[in-house]
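[1] A predicted structure for the sequence below; I have some questions about it.
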Amino acid sequence: MNNRAGSFLWNLRQLSTLVPTGRTVRLYPLAFCRPNIAYSNWNRRNLLNTFGNKMHSSTRYLFQDALIFKSEGDGCQTKGISTATVFTVDKLLCPRRLSFDSKHFLVSVSELKKSFHQEASDEDVLTKRRKPALISSTKLSQECNSLSDVLDIFSKAPTFPSSNYFSAMWTIAKRMSEDQKRFEKQLMFNHPAFNQLCEHVMREAKIMYFGDLLFSLHAIVKLGIPQNTLLVQTLLRVVQERINECDEKCLSVLSTILNTMEPCKNVDVLLAGLRMLVDEQVCKIKHVFTLQTVMRSIGKDAPIGLKRKLEMKALKELDQFSVLNCQHMFAVLAAMNHRSIILLNECSKRVTSNIHGCPFKILINILQSCRDLQYINIDLFKGIADYVATTFDIWKLKKVLFLLILFENFGFRPVGLMDLFIKKAADEPGFLNVKSLVGILNVYSSLNHFYKCQTHEFLEVMASALTGSLHHISSENLLNAVCSFCWMNYFPLALINQLLQKDIIDDLLTSGDVERNVHRLHVVATCLKLDDAPCHKDLDLVLPQLPPMTFCPQPKVAAVLSDLLGEGCFSQSVQLPHNYFIDFEIRMDANRSQVLPFSDVDVVTSTDIQRVAVLCVPKSAYCLDSTHPKGYLAMKMRHLKIMGFHVILVNNWEVEKLEMKDAVAFLKTKIYSPKALSSADIHLQSTC
């Protein structure tokens with residue numbers, strides 16, 4: 001019995017040494033401390049229960065920095081502020097454990113419970129009266145219809161964590177139209193409780209759950225609170241300090257936040273921390289959505305090693321990719337500026353095989369990402385073009401035009417889709433503005449696309465629509481439109497006369513991209529002189545000289561011509577009038593059966609001489625995956641024929657693959673006419 005009493009008295013003395021003299025403080029309803037302290041029924045009864053549950057725990061760790069609230073007087077409250085006596089429990093200096101057996105412990109706890117029962121019950125009543133009801137962000141967003149409603153609820157009875165209020169406001173804002181959202185945001189900034197809410201969030205930032213911290217920062221950024229405010233910068237600093245608390249979900253939210261923020265010192269530091277964290281945890285990421293969000297956020301200047309790690313992780317998870325994941329992978333790789341051919345090829349297959357039902361916005365994003373990554377996939381492009389052509393009637397023409405502009409960037413010519421667009425544009429010309437009209441002309445002239453007998457009608461409709469907007473069109477747009485018409489050998493008089501006005505020419509030569517304007521003006525002048533435009537043959541525009549062209553030597557073709565024709569029978573790198581250049585010139589008889597020696601004799605006027613222009617053409621001069629010449633090459637061929645040349649196109653990539661013997665045979669069939677070759681074969685057979 002003496003042992004039991006001694007043990008009880010010893011423990012009681014230890015407890016009494018922990019509790020110093022109390023002091024009175026003002027306690028607000030939203031206490032800035034950890035939630036399990038501020039709003040839990042933490043009293044001496046619970047304290048003793050903790051002893052019972054963890055009787056082997058050291059009291060030094062059990063009571064560190066604990067707060068015990070005791071009511072003072074009748075516990076009256078004034079305007080939501082309660083008065084309480086706060087006893088701060090200091091850390092135990094002695095690391096000694098409470099040493100007593102289970103029997104002594106049970107008796108001691110029972111007696112202590114009886115002694116404090118009445119006082120604890122009184123404290124429970126005060127705690128319940130002081131503790132506001134917790135409100136989740138989901139419940140707030142369901143009960144409120146505006147951002148001001150949320151702030152009104154906060155001002156009446158704030159609850160922890162304050163991040164719920166910002167999350168609820170962002171959820172409500174997402175349901176609004178843009179105009180309504182703009183108006184509601186202005187009311188939010190002017191609300192008297194807004195500044196108080198911001199202060200609460202800043203004070204709670206270090207103690208709220210890390211996920212709540214990130215969701216509140218995300219909501220704050222999305223609500224349009226300026227990034228340079230103390231609130232946003234404070235939260236960014238706290239996130240930096242606590243970044244090691246990131247799990248996979250937090251990693252996804254943090255990546256989304258960084259995607260939407262402008263660069264600044266704190267954002268850059270946080271981005272560097274995210275990269276280090278991702279580098280360590282990339283193997284632990286389980287969800288494809290999280291992986292893609294992280295890949296999108298690490299930035300184009302991330303280390304190449306980190307990009308490859310993420311690429312390998314994506315390849316390992318490729319079997320888990322949904323169709324939507326494959327569609328988004330293009331934009332993800334473009335955001336990190338990483339051209340993974342394997343990933344792009346696999347995603348292209350999935351996208352092409354599941355193209356039906358794909359939103360138009362996704363198709364546009366895919367093509368834009370392919371352009372940024374310089375990735376070309378013929379099957380993907382054809383699949384998108386065929387799908388849009390099949391469902392052509394459900395799309396707006398402006399959307400289809402945007403798609404065609406992206407295809408033109410690749411040099412891809414979707415014949416079926418472009419034919420459908422010509423028909424529709426000719427029937428409904430009024431739907432397009434000046435910018436759209438100029439874009440259409442650029443696409444069709446660049447890809448050199450004509451559609452049977454409807455092309456002339458189409459060009460007339462385009463010219464008529466632009467003529468109606470002649471007084472609203474800029475000088476540069478007018479030049480671009482006329483240049484496109486000239487490429488297609490069509491000359492609308494009203495537009496050309498407007499372009500040739502002195503003030504328009506002066507404007508083009510002094511503003512904008514002057515070098516590009518000069519080049520296009522030379523094209524217009526050349527077409528007006530050489531093509532069938534008799535009313536403008538006497539035109540003499542005084543334009544700045546174009547920079548000299550750079551000649552690309554073709555040693556393989558030159559060697560083949562020397563072997564086939566002999567030295568002195570062809571000329572290399574020939575500069576012609578109107579700034580045209582040809583790789584090789586050959587002079588032959590009118591039937592192209594015999595090559596004539598090259599001399600300085602004036603043979604241009606002779607009817608017995610045929611001048612042959614050999615053009616060595618790269619792949620980029622043709623439309624993608626075809627031998628259909630693009631607009632400039634087609635115009636050059638047309639003008640060379642007008643100047644008296646027979647034009648031969650030699651594909652560089654084909655000649656480079658051939659052996660010398662095969663290359664000689666290949667060029668021979670190109671240079672000599674079929675009749676000359678057949679007669680040569682007959683002559684050869686007769687001599688055998």
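    On my side now, so go ahead. Numbering: from 1, shown residues only.

[2] pull the contacting residues for residue 419.
    residue 451 (CB atoms under 8 Å, 6 or more residues apart in numbering). From N, CA and C alone the C-beta is placed, and that goes for glycine too.

[3] so it, which state does it fall into?
    Using DSSP: H, G, I helix; E, B strand; the rest coil, the structure places residue 419 in helix.

[4] so what pLDDT did it get?
    With respect to pLDDT, residue 419 scores 91.

[5] tell me the secondary structure for the closest residue in space to residue 517 that isn't next to it in sequence?
    Of all residues not flanking residue 517 in the chain, residue 508 sits nearest, at 4.3 Å (CB to CB, 6 or more residues apart in numbering). Following three-state DSSP, residue 508 is assigned to helix.

[6] please apply the same query to the one 4 residues further on.
    Taken by three-state DSSP, the conformation at residue 512 corresponds to coil.

[7] now it: closest residue in space, sequence neighbours ignored.
    Distances taken as CB to CB, 6+ apart place residue 476 nearest to residue 512, at 5.3 Å, with adjacent residues excluded.

[8] for that neighbour, grab the count of nearby residues.
    Neighbours of residue 476 under the rule other CB atoms under 10 Å: 18.

[9] and if you look at residue 217?
    26.

[10] for residue 159, helix, strand, or coil?
    Three-state call for residue 159 (three-state DSSP): coil.

[11] quick one: contacts of stretch 447-462?
    Stretch 447-462 has contacts (CB under 8 Å, 6+ apart) with 408, 411, 413, 415, 418-419, 422-423, 425-426, 429, 437, 440-441, 443, 485, 487-488, 490, 492, 623, 628-631, 633-634.

[12] rerun at 7 Å
    With contact meaning CB atoms under 7 Å, 6 or more residues apart in numbering, stretch 447-462 is reached by 408, 413, 418-419, 422-423, 425-426, 429, 437, 440-441, 485, 488, 490, 623, 628-631, 634.

[13] again, but for stretch 265-280
    With contacts defined as CB under 7 Å, 6+ apart, stretch 265-280 is touched by 233, 236-237, 239-240, 243, 246, 254-255, 258, 261, 294, 297-299, 302, 306, 309.

[14] out of these, which end up buried?
    The neighbour-count test (16 or more other CB atoms under 10 Å) marks 233, 236, 239, 243, 246, 254-255, 258, 261, 294, 297-299, 302, 306 as buried among the contacts of stretch 265-280.

[15] ok, the residue nearest to residue 517 - contacts?
    Listed by CB under 7 Å, 6+ apart, the contact set of residue 508 reads 475-476, 479, 517, 521.

[16] ok, residue 317 next?
    Listed by CB under 7 Å, 6+ apart, the contact set of residue 317 reads 288, 291.

[17] wait, is residue 611 part of a strand?
    Yes. Residue 611: assigned to a strand according to three-state DSSP.

[18] check what pLDDT it gets.
    Looking at residue 611, the pLDDT reads 90.

[19] what residue, apart from its backbone neighbours, is nearest it spatially?
    residue 645 (5.0 Å).

[20] how near is that neighbour to residue 585?
    Separation of residue 645 from residue 585 (CB to CB, to the nearest Å): 8 Å.

[21] so what sits against both of the two?
    611-613.

[22] okay if I get those residues as a markdown table plus distance to residue 638 and neighbour count?
    Formatted as a markdown table, those follow (distance: CB to CB, whole Å; neighbours: other CB atoms under 10 Å):
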| residue | distance to residue 638 | neighbour count |
| --- | --- | --- |
| 611 | 16 | 17 |
| 612 | 16 | 20 |
| 613 | 12 | 24 |
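
[23] closest to residue 326 out of the residues you listed?
    Nearest to residue 326 among the shared contacts of residue 645 and residue 585, counting by CB to CB, is residue 613 at 47.4 Å.

[24] that closest one touches residue 640, doesn't it?
    Yes. Judged on CB atoms under 7 Å, residue 613 makes contact with residue 640 at a distance of 5.3 Å.

[25] in the stretch 351-500 of the chain, which spans are strands?
    Remark: strands of the stretch 351-500 of the chain are absent; assignment by DSSP state E, counting those that start in this stretch.

[26] the stretch 501-650 of the chain too?
    With DSSP E, counting those that start in this stretch as the criterion, the stretch 501-650 of the chain has strands spanning 570-576, 580-589, 609-617, 645-651.

[27] could you dump those strands into a markdown table and include distance to residue 391?
    Shown next, in a markdown table, are the strands of the stretch 501-650 of the chain (distance: least, CB to CB, whole Å):
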| stretch | distance to residue 391 |
| --- | --- |
| strand 570-576 | 47 |
| strand 580-589 | 43 |
| strand 609-617 | 36 |
| strand 645-651 | 36 |
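
[28] and of those strands, who's closest to residue 199?
    strand 609-617 (69.7 Å).

[29] direction included, what does that closest one pair up with?
    Paired neighbours of strand 609-617 in the sheet (DSSP bridges): strand 580-589 (antiparallel), strand 645-651 (parallel).

[30] now for whatever helix or strand comes next after the last one, which elements pack on it?
    Think strand 645-651. As assigned by DSSP states H and E, the chain's next helix or strand after strand 645-651 is helix 652-657. In terms of contacts (3 or more CB pairs under 7 Å, 6 or more residues apart in numbering; DSSP states H and E), helix 652-657 is packed against helix 555-565.

[31] what about the helices in the stretch 251-400 of the chain?
    Assigned by DSSP state H, counting those that start in this stretch, the helices in the stretch 251-400 of the chain fall at 265-281, 288-297, 304-316, 323-335, 341-353, 360-373, 378-390, 397-410.

[32] who touches residue 630 in this structure?
    Taking CB under 7 Å, 6+ apart as the test, what residue 630 contacts is 411, 446-448, 621-623.

[33] which residue is the nearest non-sequential neighbour of residue 610?
    Nearest non-adjacent residue to residue 610, counting by CB to CB, 6+ apart: residue 588, 4.9 Å away.

[34] what is the burial count for that neighbour?
    By other CB under 10 Å, the residues close to residue 588 number 22.

[35] go on, residue 304?
    8.
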